[in-house]
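> Sequence and computational prediction follow.
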Amino acid sequence: MASIFRTASILAATGALLAGCGSWNPFKASEPPPACPKAVVVNDLSRLTEFRPGTGRDLSDVVYSAGIERVDSGCEYDRRRKVTMQTTVNIVVERGPADRARQAQITYFVAVADAANQILARETFTMPVKFDGNVTRMQASEEIEQVIQLSGGSGAGYKIFVGFPLTEEQLGYNRRRSGP
């Protein structure tokens with residue numbers, strides 16, 4: 001299995017967003033640092049199936065499929081009242097029977113949301129995947145770094161959402177596959 005690593009930045013001045021864990025606590029020395037925002041994979045947006053052009057939608061028409069296997073995250077404070085979030089997105093990509101290019105461009109998003117699930121910052125990333133030789137399944141990982149300006153409050157209710165930006169057709173396909 002091959003892994004791909006990349007670092008990118010999302011800079012969000014979020015006002016009330018306060019999140020963190022780490023060795024330095026810029027708040028009261030006797031208190032532990034507030035919790036990091038929780039990384040969440042959006043269930044309906046966790047799978048991507050790309051079909052070849054046309055109307056066919058059975059297994060023989062699949063170019064590739066991808067799934068977000070897991071998301072790992074952590075954070076650290078700095079002395080300028082900023083928190084740096086490290087989020088690692090782990091994706092499994094499978095080559096389908098309709099693939100002729102032996103490569104895929106997997107696009108996903110990472111978004112920061114407040115306690116009311118209002119999106120404060122969102123960015124999309126594209127991960128190139130190449131299937132060498134007879135490889136049909138690969139795992140790829142990317143590390144995303146987000147720097148968030150703090151201004152007070154607690155980050156316990158904040159979230160980092162991760163998913164694939166799907167078309168209506170792809171979203172419907174995922175929902176039909178998962179069933180009731």
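On my side now, so go ahead. Since the structure is predicted, the reported quantities are computational estimates derived from the model, not experimental observations.

> ok, what's across the strand from the closest residue in space to residue 174 that isn't next to it in sequence?
In space, and not counting its chain neighbours, residue 174 is closest to residue 47: 5.2 Å by C-beta to C-beta, 6 or more residues apart in numbering. For every residue, glycine as well, the C-beta is placed using N, CA and C. Listed beta-bridge partners, residue 47: residue 67 (assigned using DSSP bridges).

> Could you report the separation of residue 47 from residue 64?
Distance, residue 47 to residue 64, by C-beta to C-beta, to the nearest Å: 12 Å.

> need the contact list for the residue nearest to residue 174.
Counting by C-beta atoms under 8 Å, 6 or more residues apart in numbering, residue 47 touches 65, 66, 67, 68, 164, 174, 177.

> could you redo the last one with a cut-off of 10 Å?
65-68, 163-164, 166, 170-171, 173-174, 177-178 (C-beta atoms under 10 Å, 6 or more residues apart in numbering).

> So which of the residues you listed sit within helices?
Using DSSP state H, 170, 171, 173, 174, 177, 178 are the members of those that sit in helices.

> which residues touch the first one?
Read it as residue 170. By C-beta under 10 Å, 6+ apart, the contact list for residue 170 reads 44, 45, 47, 48, 49, 50, 51, 164.

> on that earlier part again, now the buried members of the contacts of residue 47.
With neighbours counted by 16 or more other C-beta atoms under 10 Å, the contacts of residue 47 contain buried members at 65, 66, 67, 68, 163, 164, 166, 170, 173, 174.

> Surely the third one touches residue 41?
Think residue 67. Yes - the criterion here is C-beta atoms under 10 Å, and residue 67 meets it with residue 41 at 9.4 Å.

> List the residue ranges of the protein that fall below the pLDDT cut-off.
Filtered on pLDDT under 70, the chain yields the residue ranges 1-30, 33-34, 79-81, 149-157, 179-180.

> From the centroid of the chain, which residue is nearest?
By C-alpha atoms, centre = their mean, the mean C-alpha position of the chain lies nearest to residue 162, the distance being 3.2 Å.

> Let me know how buried the closest residue to residue 103 other than its chain neighbours is, in neighbour terms.
Among residues not flanking residue 103 along the chain, residue 130 sits closest, at 4.6 Å (C-beta to C-beta, 6+ apart). Neighbourhood size, residue 130 [other C-beta atoms under 10 Å]: 12.

> And residue 130, how close does it get to residue 38?
Distance, residue 130 to residue 38, by C-beta to C-beta: 33 Å.

> Likewise for residue 51?
From residue 51 across to residue 38, the span is 33 Å (C-beta to C-beta).

> on that earlier part again, which residues sit in contact with the residue nearest to the centre of the chain?
With contact taken as C-beta under 10 Å, 6+ apart, residue 162 is in contact with 39-42, 45-46, 68, 70-71, 73, 87, 89-91, 108-111, 144.

> Now a PyMOL select for only the buried ones of those.
Applying 16+ other C-beta under 10 Å to the contacts of residue 162, the buried members can be selected in PyMOL as follows:
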select buried, resi 39+40+41+45+46+68+71+73+87+89+90+91+108+109+110+111+144
